[in-house]
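1. okay, here's the prediction I keep looking at, along with the sequence it came from:
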Amino acid sequence: LGANLAADIDFEALFTDDLEELINQIAQCHITYVGGVRARNLPGPVRAGMARALNRMGYQIWLREVKYARSVRAGYRLKIDCRFENSGAAPISRSWPVELSLLLRGEVVYRQSVPLDLRKLAPGETDASLELDVPLGLAGTYQVAVAILDPATGEPAVELPMKCDRLGLRAIIGDLRVYP
């Protein structure tokens, strides 16, 4: 859902005195876009309030918690229990693929799409179990990463807003020891 702001609106009041009410309305109405907003020539506090309001729009999907066995045999399936959080105001509007991958020394050695419909990650927390089929022939310690892929290119396209190590737009969620 989008909105446009009128040219004669009092930006100073909207983004300072009325900011908390505006942020509540963004969340309640699941606003993902606002037109007519320009930060130029506005005082610092107004720009800061505007940035806070704009950051609340849309989706902000990240992993709050991840649990999985830290070792597995090659050829077996690894179950990864995830607690996703969408701290934005709305779910993602299109079904973008999610990928789990195994990394070794900064290189992707295996990648697999997993069936997770991101459109179902409404604001708040959502638990999901993902499964990674660990291929035969792997042995050693790998990093497990998650990424949201661009459906057109099949490549990682969204930076998950969480503190972690990364390989490009792949968020590293931990290590995995693979036994032959």
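-> Perfect, I can see it now.

2. helix or strand for residue 45, which one?
-> For residue 45, the element it lies in under DSSP states H and E is helix 44-56.

3. partner strands of the following helix or strand past that helix and their direction?
-> Per DSSP H and E, the first helix or strand lying C-terminal to helix 44-56 is strand 61-67. Using DSSP bridges, strand 61-67 pairs in its sheet with strand 77-86 (antiparallel).

4. helix or strand right after the partner strand?
-> strand 98-104.

5. off-centre distance for that next one?
-> In terms of CA atoms, centre = their mean, to the nearest Å, the centre of strand 98-104 is found 15 Å from the chain centre.

6. can you list the strands that it pairs with?
-> Sheet pairing of strand 98-104 (DSSP bridges) gives strand 107-114 (antiparallel), strand 140-149 (antiparallel).

7. so which of the ones you listed gets nearest residue 68?
-> Among the strands paired with strand 98-104, the nearest to residue 68 by CB to CB is strand 140-149 (7.4 Å). The C-beta positions use only the backbone N, C-alpha and C, and glycine is treated the same way.

8. for the protein, name the helix or strand with the lowest mean pLDDT.
-> Lowest by mean pLDDT, DSSP states H and E among the helices and strands of the chain is strand 2-4, with a mean of 56.

9. which SSE is immediately downstream of it?
-> Per DSSP H and E, the first helix or strand lying C-terminal to strand 2-4 is helix 11-14.

10. which neighbouring elements make contact with that following helix?
-> helix 44-56 (3 or more CB pairs under 8 Å, 6 or more residues apart in numbering; DSSP states H and E).

11. name the residues of stretch 93-100 that are buried.
-> Going by neighbour count (16 or more other CB atoms under 10 Å), the buried part of stretch 93-100 is 96, 97, 98, 99, 100.

12. for stretch 81-92, same thing?
-> Within stretch 81-92, the residues scored as buried using 16+ other CB under 10 Å are 82, 84, 85, 86, 88, 89, 90, 91, 92.
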